[in-house]
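Colleague: got a predicted structure plus its sequence, pasted below:
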Amino acid sequence: MAMPDGALPDRPLAAALAAFDSAAVVGGKFDRGELTLEIDPARIASVCGFLKHDRNFVRLSTVTAVDRYPAEPRFEVVYHLQSIERNERVRLKCRLGGGQPEIDSVTSVWRSADWYEREVFDLFGIRFAGHPDLRRILLPDDWEGYPLRKDYPKTGQRV
Amino acid sequence: MGDAGVPGITVLEDEQTASGPRRMVLNIGPQHPSTHGVLRLAVELDGETIVKCRPEIGYLHTGIEKECEAKTYQQVVTLTDRVDYLAPLSMNLGYCLAVEKLLGLEIPPQAQWMRVMLTELTRLNSHLVWLGTHAMDIGAMSVFLYCFREREDILRIFEMFSGQRMMTSYFRVGGLALEPPRGWNQRIKAFIDGFPSKVDEYENLLTNNRIWTGRTRGVGYFSLEDMLDLGVTGPMLRAAGLKTDARKDEPYSSYEKFDFEVPTRTESDVYARYLVRVEEMRQSTRIVRQAMDGMPSGDWKAVDQHVVLPDREKMKTQMEALIYHFKIVTEGFRVPEGEVYQAIESPRGELGFYVVSDGTAKPYRVHMRTPSFGNLQGTSKMVEGGLIADLIASIGSMDFVLGDTDR
């Protein structure tokens, strides 16, 4: 599933982002009418701040993750952004390794990230640095394991 | 104070420490008639004023997203019904459109228009349940009975189409599950002809009712900036003056061919949300009528032998059709590698399906961006600083469904 390095899709938004921080965008594609930009995980918060304030992406639709187990880097954290003014959507993606997956929180950019990041933490076990209240949200506090990981069984008895 | 020691209940750290002579923490839910499901609100009060409100969710979490990964693409349709159980056809539609986008599948016009017609009936169904229960929360019992009278007609129409009243699963990847039943247009026509006068009845009961306006006007104000920042969507945004609707902005399933208005208000209070939703019911009626009158003829499912089940008749006469039927039923169909995000306008707001395929017959990941989850996140901001007496009116105006929130 690896994307070709350096092959940036020819879209105005990709160019604007590359001009803002040339090291931030590490890949991307334009597929089925949807733009995906792969972002360096260390720069996600600054990229989101730029997109919100300079490119009018006032809405963060959702934050979620995909587990590519057993491939490494294992996790993809996926952000869906929407600009109402320009009626445009973009998907950002950050790849994280499986050991101690952690990424900066974007709650300082959009407050709506709060619950979405808690959900990803709850179901995937990815930590968000700087999140104000990183607790489980859907499962009980004493739950063991992270159900949406691919190595978490769908059925069976807990032993 | 608080509920320390009750198993399964999260005790908030500040719940134990409400300080000052007038401060107390009030626990509402998880089982409370006005939370319409299982939602818990830990509310800190100063006298009658809400200082802090912390919603706790997850009581209805069923792991549907995990379950999707173990089913074939077509089987997942039946799971989507159970997420937002008041708008099952909207859920079906969002999911089917996402998978069809991955497949690059063209849907015939009749199926698209049928989908529009039935999703708009679903919107009516959902808004009727909302209006009835919301009015009952505030004390207008009779509205509930009026709304459920019309809702029953809609459920009977769903039953006529799919055999099911609620968990319809009538939309499938590739079109519809069954051929539209004989005589469907008379049934829809009878309903649609009578419905506008029924909406007038609801409005007669509420719009100028002094108790209703007294309980809803100026209550639950929520600024547009806060809503956008907190992820609120749908009628809530429209009641704050933002003309946004995925049916207009990012048309899907032929919505661009229908003539309808997107109602807005600017007050952004409980009353404005009520007016917006009532007007949406009238607009949905218009859409259903247009779809019924202009229903194209032709196929009700796509022509793709690898994805869509063959006709019963062909199975009996053609070996190839029989083989494909067996393959699709036992193994499912393969979907090309890729990922899509499909957003639609559900009765509650932006419903998005993020579907990732790894090229096999089962989805690699299905994420549902459900409107209730986003809307509920705004609860604290909306009710803090208001009165405890207005809390139920405020949260009722959000129209959340807990199945939709917790998945």
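Modeller: In hand now; what should we look at?

Colleague: show me where chain A has helices.
Modeller: Along chain A, counting by DSSP state H, helices occupy A:12-20, A:44-54, A:113-124.

Colleague: closest one to B:Leu93 among these?
Modeller: helix A:113-124 (23.2 Å; Cβ to Cβ). In this view, the C-beta of every residue, glycine as well, is placed from N, C-alpha and C.

Colleague: what about that closest one, average pLDDT?
Modeller: Mean pLDDT, helix A:113-124: 93.

Colleague: ok, that helix near chain B or not?
Modeller: Yes. Interface with chain B: helix A:113-124 contributes A:114-116, A:123 (Cβ under 8 Å from any Cβ of the partner chain).

Colleague: for that helix, which helices and strands make contact with it?
Modeller: If contacts are counted by 3 or more Cβ pairs under 8 Å, 6 or more residues apart in numbering or on different chains; DSSP states H and E, helix A:113-124 sits against strand A:59-67, strand A:127-129.

Colleague: what helices or strands is the shortest one leaning on?
Modeller: Spelled out, it's strand A:127-129. Using 3+ Cβ pairs under 8 Å, 6+ apart: strand A:127-129 touches strand A:102-104, helix A:113-124.

Colleague: among these, which comes closest to B:Met398?
Modeller: Taking Cβ to Cβ, helix A:113-124 is the member of the helices and strands packed on strand A:127-129 nearest to B:Met398, at 14.4 Å.

Colleague: and the angle from the closest one to strand A:59-67?
Modeller: Orientation note: helix A:113-124 sits at an angle of 10 degrees relative to strand A:59-67 (axes from the mean of the first three to the mean of the last three Cα atoms, to 10 degrees).

Colleague: you'd agree B:Leu131 is up against B:Arg277?
Modeller: Yes. Between B:Leu131 and B:Arg277 a contact is recorded at 6.9 Å, counting by Cβ atoms under 8 Å.

Colleague: which residues does A:Gly145 contact?
Modeller: Contacts of A:Gly145 were listed using Cβ atoms under 8 Å, 6 or more residues apart in numbering or on different chains, and they are A:Tyr152.

Colleague: B:Val199 against B:Arg282, yeah?
Modeller: Yes. Applying Cβ under 8 Å, one finds B:Val199 in contact with B:Arg282, separated by 6.0 Å.

Colleague: give me the residue from chain B nearest chain A.
Modeller: At 3.1 Å from chain A, B:Gly231 is the closest residue in chain B, using Cβ to the nearest Cβ.

Colleague: which non-adjacent residue is nearest A:Arg91?
Modeller: Computed as Cβ to Cβ, 6 or more residues apart in numbering or on different chains, the closest residue to A:Arg91 that is not its neighbour in sequence is A:Thr36, at 4.6 Å.

Colleague: beta partners of that neighbour?
Modeller: A:Lys29, A:Arg91 (DSSP bridges).

Colleague: residues near it, how many?
Modeller: Applying other Cβ atoms under 10 Å in any protein chain shown, we find 20 residues neighbouring A:Thr36.

Colleague: now swap in B:Leu26 and tell me
Modeller: For B:Leu26, the neighbour count with other Cβ under 10 Å is 15.

Colleague: list the contacts of the residue nearest to A:Leu60 when sequence neighbours are not counted.
Modeller: Of all residues not flanking A:Leu60 in the chain, A:Trp110 sits nearest, at 4.1 Å (Cβ to Cβ, 6+ apart). Contact partners of A:Trp110, counting by Cβ under 8 Å, 6+ apart, are A:48, A:52, A:59-60, B:229, B:231.

Colleague: over to B:Met382?
Modeller: Contacts for B:Met382 (Cβ under 8 Å, 6+ apart) come out as B:220-222, B:394, B:398.

Colleague: that's a strand at it, yeah?
Modeller: No. Counting by DSSP: H, G, I helix; E, B strand; the rest coil, B:Met382 is located in no strand; its state is helix.

Colleague: gap between it and B:Phe161?
Modeller: Counting by Cβ to Cβ, to the nearest Å, the separation of B:Met382 from B:Phe161 is 37 Å.

Colleague: what's the burial count for the one residue in chain A that gets nearest to chain B?
Modeller: The nearest approach of chain A to chain B comes at A:Ser112, 3.1 Å away (Cβ to the nearest Cβ). Residues near A:Ser112, counting by other Cβ under 10 Å, number 25.

Colleague: one more: A:Arg11?
Modeller: A:Arg11 sits with 15 neighbouring residues when counted by other Cβ under 10 Å.

Colleague: what do you get for B:Glu250?
Modeller: Per other Cβ under 10 Å, the neighbour tally for B:Glu250 reads 18.

Colleague: state the pLDDT value of it.
Modeller: Listed pLDDT for B:Glu250 reads 90.

Colleague: chain neighbours aside, what residue packs nearest to it?
Modeller: Nearest to B:Glu250 is B:Ala343, by Cβ to Cβ, 6+ apart, at 6.4 Å.

Colleague: what lines up beside the strand or helix carrying that neighbour in the sheet?
Modeller: Element membership of B:Ala343 [criterion: DSSP states H and E] is strand B:338-346. Strand B:338-346 has its sheet partners listed here by DSSP bridges as strand B:349-357 (antiparallel).

Colleague: chain center to the strand it pairs with: distance?
Modeller: For strand B:349-357, the gap between its own C-alpha mean and the chain's C-alpha mean amounts to 13 Å (Cα atoms, centre = their mean, to the nearest Å).

Colleague: with stretch A:79-94 instead?
Modeller: 12 Å.

Colleague: what of stretch B:244-256?
Modeller: Computed by Cα atoms, centre = their mean, the chain-centroid distance of stretch B:244-256 equals 16 Å.

Colleague: neighbouring contacts of that stretch?
Modeller: For stretch B:244-256, the external contacting residues (Cβ under 8 Å, 6+ apart) are A:84, A:87, B:93, B:97, B:107, B:109, B:112-113, B:115-116, B:119, B:233, B:237-238, B:260, B:262, B:342-345, B:350.

Colleague: for PyMOL, what selects the buried ones among those residues?
Modeller: Filtering the contacts of stretch B:244-256 down to the buried ones (16 or more other Cβ atoms under 10 Å in any protein chain shown) takes a single PyMOL command:
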select buried, (chain A and resi 84) or (chain B and resi 93+97+107+109+112+113+115+116+119+233+237+238+260+262+342+343+344+345+350)
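
Colleague: quick one: which of the contacts of stretch B:244-256 sit in strands?
Modeller: Judged by DSSP state E, strands contain the following of the contacts of stretch B:244-256: B:342-345, B:350.

Colleague: please name the nearest non-neighbouring residue to residue 103.
Modeller: Because you didn't say which chain, this covers chain A. A:Pro41 (5.1 Å).

Colleague: sorry, I should have been clearer: chain B.
Modeller: Per Cβ to Cβ, 6+ apart, closest to B:Leu103 is B:Val335, 5.8 Å.

Colleague: wait, is B:Thr405 part of a strand?
Modeller: No. If the criterion is three-state DSSP, then B:Thr405 is helix and not within a strand.

Colleague: surely it and B:Ile57 touch.
Modeller: Yes. Counting by Cβ under 8 Å, B:Thr405 touches B:Ile57, with 5.4 Å between them.
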